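Visitor: what's the 3D shape of this:
(one chain, ligands or ions: 1)
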Amino acid sequence: MSHVLILGGDGYLGWPTALYFSERGYQVTVVDNYFRRNACTELDTGMLYPVPTLLERAEIWQKQTGREIKVVIADLADPERMRGLFDGSLQYDWALDKAFTGIAQTIVHYAEQPSAPYSLLDYKHADITLSNNLRVTNNLLWAVRDFARDSHIIKLGTMGEYGTPDIDIEEGWLEIEHKGRKDKFLFPRQAGSLYHTTKVMDTDLMWFGVRMWNLRVTDLMQGPVYGIETEESRIDDRLNTIFNYDEIFGTIVNRFITQAVIGYPLTVYGAGGQTRGYLNIKDTLQCVHMSELTPAESGELRIFNQIMETFSVNQLAEMTQRVGVSRGLEVEIKSIENPRKEAEEHYYNPTYQGLQAIGVKPNYLTDEVMNSMFDIVERYRDNIREDVIFKGVKWG
Ligand SMILES: NC(=O)c1ccc[n+]([C@@H]2O[C@H](COP(=O)([O-])OP(=O)(O)OC[C@H]3O[C@@H](n4cnc5c(N)ncnc54)[C@H](O)[C@@H]3O)[C@@H](O)[C@H]2O)c1
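Guide: Here you go, the predicted structure:
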């Protein structure tokens, strides 16, 4: 039985990933320090429904399925905590028993501060983002170097690392011809926020670890994810993942659907031509699983662009409006002054065949998929807080 260690296992993507691997018979250990939940409390962001603690969720999962997910609560920005996951020194009542240490074949690294507006709230949140994200990645690389060199790291990066260049975006690498000579380099990156900048730096750190220590790394350049339910969470509402619809932690499709449900005009920033690649939460799980099944080689930094299709903000708003209206809702689209510094009309043509080539079968954003999300959000309509939807965190 293969052991998967999930860093950031309490998060929007981490928890469904844990259920997914556990359901498929893997030994699963999740680690988290509740950074995200604490940030939600600190910033008073609304959540669609309350979510049990990580330990409670693991218990619910075990009662429902008989399968065990091991839980460790630890701050991975602390190098000793990170190393304790590998050398057996991390001891909690409920934590890893020795048999689990040092043998995770796969480490899925989600444990970061994932929000662009959070990183630009003020100097303090910029500092938290930089130090948290870079330290976790650096600590992981050193722990794997020292204790588990053959383990495969699957790291979540972001398509935002590339920005919106005026050329096609390749999957991570670009061959460059210069003065008659050729070489392959990381695709040029130009992040649009401090959060995205930490992801660029993460990639550089991992590339260093791969070159120096022959680590095996897959870096998944993911687009914004949408969705709530996965096959595994369906069996019990309490297994549903954390769902934010606020400006800080909510992702756009999740936000638009929530706004439509309470009649809050869909907040299109500026001209609305900002185009990005998107994917269903179920596809995040597939992408990580397929990457796990086909690990990077020792000394390889393998990069995939993890998106299934592209949309402009206007297209997403129009789709949400169409589906909302078909359900009898009144849905208005409103262009508001863009608080971000970004191109509102631009060229965007990323390559994203790699993951499908290793077996991922895309779930596209159809009216049916949107309707199923509306069904869930409407169940919790009374919990939705209008005051957290838009606060206008400014880039400038
Ligand atoms: N959700 C998206 O649309 C999206 C898109 C692209 C990339 N990503 C990336 O995917 C990853 C997961 O994203 P998410 O949406 O699940 O975010 P999330 O905030 O829900 O999950 C991250 C988890 O990591 C934990 N964490 C953070 N710092 C930690 C630390 N120092 N020690 C231990 N745990 C820590 C948090 O508490 C949280 O539970 C992130 O790296 C994010 O940058 C997400």
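
Visitor: A104 contacts L7, correct?
Guide: No: the pair A104 / L7 is not scored as a contact, 10.1 Å apart, by C-beta atoms under 8 Å. For glycine as for every other residue, the C-beta is placed from the backbone atoms N, C-alpha and C.

Visitor: strands of this protein, residue ranges please.
Guide: 3-7, 27-32, 69-73, 106-109, 152-158, 173-178, 181-186, 216-222, 225-226, 266-269, 275-280, 300-306, 309-312, 333-336 (DSSP state E).

Visitor: next, format those strands as JSON lines and append mean neighbour count and distance to T258.
Guide: Formatted as JSON lines, the strands of the chain follow (neighbours: other C-beta atoms under 10 Å; distance: least, C-beta to C-beta, whole Å):
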{"stretch": "strand 3-7", "mean neighbour count": "26", "distance to T258": "27"}
{"stretch": "strand 27-32", "mean neighbour count": "26", "distance to T258": "24"}
{"stretch": "strand 69-73", "mean neighbour count": "22", "distance to T258": "28"}
{"stretch": "strand 106-109", "mean neighbour count": "26", "distance to T258": "27"}
{"stretch": "strand 152-158", "mean neighbour count": "26", "distance to T258": "22"}
{"stretch": "strand 173-178", "mean neighbour count": "10", "distance to T258": "38"}
{"stretch": "strand 181-186", "mean neighbour count": "10", "distance to T258": "36"}
{"stretch": "strand 216-222", "mean neighbour count": "25", "distance to T258": "21"}
{"stretch": "strand 225-226", "mean neighbour count": "21", "distance to T258": "11"}
{"stretch": "strand 266-269", "mean neighbour count": "22", "distance to T258": "10"}
{"stretch": "strand 275-280", "mean neighbour count": "21", "distance to T258": "16"}
{"stretch": "strand 300-306", "mean neighbour count": "23", "distance to T258": "24"}
{"stretch": "strand 309-312", "mean neighbour count": "17", "distance to T258": "18"}
{"stretch": "strand 333-336", "mean neighbour count": "15", "distance to T258": "15"}
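
Visitor: of those strands, which is nearest S119?
Guide: Nearest to S119, of all those, is strand 152-158, at 12.1 Å by C-beta to C-beta.

Visitor: the ligand contacts on this protein?
Guide: 8, 10-14, 32-36, 75-77, 110-112, 114, 132, 136, 156, 158, 222, 224-225, 242, 251 (C-beta under 6 Å from any ligand atom).

Visitor: which among the residues you listed count as buried?
Guide: Among the residues of the chain next to the ligand, those buried by neighbour count (16 or more other C-beta atoms under 10 Å) are 8, 10-14, 32-33, 35-36, 75-77, 110-112, 114, 132, 136, 156, 158, 222, 224-225, 242, 251.

Visitor: which non-adjacent residue is nearest T129?
Guide: Leaving aside its chain neighbours, T129 sits nearest to S119 (4.0 Å; criterion: C-beta to C-beta, 6 or more residues apart in numbering).

Visitor: with R67 instead?
Guide: S22 (4.8 Å).

Visitor: and the contacts of stretch 115-127?
Guide: Under the contact criterion C-beta atoms under 8 Å, 6 or more residues apart in numbering, stretch 115-127 has outside partners 39, 43, 113, 129-130, 160, 192-196, 198, 247-249, 340, 393-395.

Visitor: and it, what's its mean pLDDT?
Guide: For stretch 115-127, mean pLDDT is 98.

Visitor: return the set of buried residues in that stretch.
Guide: Neighbour counts over stretch 115-127 (16+ other C-beta under 10 Å) mark 115-121, 125-126 as buried.

Visitor: for the ligand, what's the nearest residue on this protein?
Guide: G11 (2.1 Å; C-beta to the nearest ligand atom).

Visitor: where do the helices sit along this protein?
Guide: For the chain, applying DSSP state H gives helices covering 14-23, 35-42, 54-65, 79-87, 116-119, 123-147, 194-213, 252-261, 281-293, 313-326, 354-357, 367-379.

Visitor: mean pLDDT lowest where, among those?
Guide: Among the helices of the chain, helix 79-87 carries the lowest mean pLDDT (a mean of 89).

Visitor: how far off centre is it?
Guide: 23 Å (C-alpha atoms, centre = their mean, to the nearest Å).

Visitor: cool, and stretch 232-244?
Guide: Taking C-alpha atoms, centre = their mean, one finds the center of stretch 232-244 at 16 Å from the center of the full chain.

Visitor: quick one: average pLDDT of that stretch?
Guide: 97.

Visitor: buried residues, that stretch. List them.
Guide: Residues 232-233, 239-244 are the ones in stretch 232-244 that count as buried (16+ other C-beta under 10 Å).

Visitor: roughly how far apart are Y380 and G270?
Guide: Distance, Y380 to G270, by C-beta to C-beta, to the nearest Å: 30 Å.

Visitor: list the contacts of stretch 306-318.
Guide: Contacts with stretch 306-318, where a contact means C-beta under 8 Å, 6+ apart, come from 159, 220-223, 252-253, 256, 266, 268-269, 272-280, 283-284, 287, 319, 333, 348, 350, 352, 355, 362-365.

Visitor: now stretch 383-392
Guide: Stretch 383-392 is contacted from outside by 44-49, 245-247, 255, 258-259, 261-262, 264, 267, 336, 339, 377, using C-beta under 8 Å, 6+ apart.

Visitor: can you do 7 Å?
Guide: 45-46, 48-49, 245-247, 258-259, 261-262, 264, 267, 339 (C-beta atoms under 7 Å, 6 or more residues apart in numbering).
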